[in-house]
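Participant: My questions concern the predicted model and sequence given below.
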Amino acid sequence: MRKKLLACWLFLVLLSLTVVVGYSSAKKTSGSVLVDLHEVNPRIILDLKYATEDNFLKEKVYDVDRCYALPILAEKLSAAQEILERDGLGLKVFDCFRPVAVQKKMWALVPDSRYVANPYKEGSNHNRGVAVDLTIVDKDGNELAMPTPFDDFTERAHKYSMTPTAQERANRLLLRLVMEKVGLESFDTEWWHFQLPDAKKYPLIEDFPE
């Protein structure tokens, strides 16, 4: 009997440790859980544009320079990184979770739902922590040639545009194939944007974790 009680106690201790370890890097906010991508895979390069003035808003609108996402998205990005590393390549991320307040600033500048989601309707999937903007880099961290820079609001940035060079189209296709292989969906007007399927089912998250 004592052995059974001891075994039961050890099981409960191990279970509690699993819960603690599994959520040690998780950040709860507005009823959802966001994780820091670098705690999932530190080899992914971050160049978070909205944490700088190097963006179409021309101002720094993020208080943090960390890439937050729902755990399922972070794990898929880690898997994509591992696939690319087989060929000496990797990911560079431009944007991850985005607070709703920032979405409103974007809409004020570009009120065009082809490029910026309306924050007063369904909002952006970035506001849900289920979308990411990114590109591919070589082993030295140099970005591969893509059709346009990040946040280019022209038809050249569309995922099926034939205007870019053959090399740019090939690199764009490679990015999309890798993202689709790990289970992410692309976006028609932005070659850099990928998200979880059924993204709208996830709730909006107002702000960064505390």
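Facilitator: All right, it came through fine. Numbering: from 1, shown residues only.

Participant: can you pull the contacts of the closest residue to Tyr160 other than its chain neighbours?
Facilitator: Take Tyr160 and drop its neighbours on the chain: the residue closest to it by CB to CB, 6 or more residues apart in numbering is Asp188, 7.6 Å away. Heads up, the C-betas are built off the backbone N, CA and C, glycines and all. When contacts are counted by CB atoms under 8 Å, 6 or more residues apart in numbering, Asp188 touches His158, Lys159, Tyr160.

Participant: Narrow these to just the buried residues.
Facilitator: Neighbour-count burial (16 or more other CB atoms under 10 Å) applied to those gives His158, Lys159.

Participant: what about the spatially most central residue of the chain, which SS state?
Facilitator: By CA atoms, centre = their mean, the chain has its centre lying nearest to Val132, at 2.8 Å. Assigned state for Val132: strand (three-state reduction, DSSP: H, G, I helix; E, B strand; the rest coil).

Participant: per-residue pLDDT, it?
Facilitator: Per-residue pLDDT puts Val132 at 98.

Participant: Who are the contact partners of it?
Facilitator: Listed by CB under 8 Å, 6+ apart, the contact set of Val132 reads Cys67, Ala69, Leu73, Leu77, Val93, Asp95, Cys96, Leu184, His193, Phe194, Gln195.

Participant: Same check on Leu46?
Facilitator: So Leu46 contacts Leu37, His38, Asp65, Arg66, Cys67, Lys92, Val93 (CB under 8 Å, 6+ apart).

Participant: Out of these, give me the two with the largest separation.
Facilitator: Arg66 and Lys92 (15.0 Å; CB to CB).

Participant: Just the closest of the contacts of Leu46 to Leu173, please.
Facilitator: When the contacts of Leu46 are compared for distance to Leu173 (CB to CB), Lys92 wins out at 17.5 Å.
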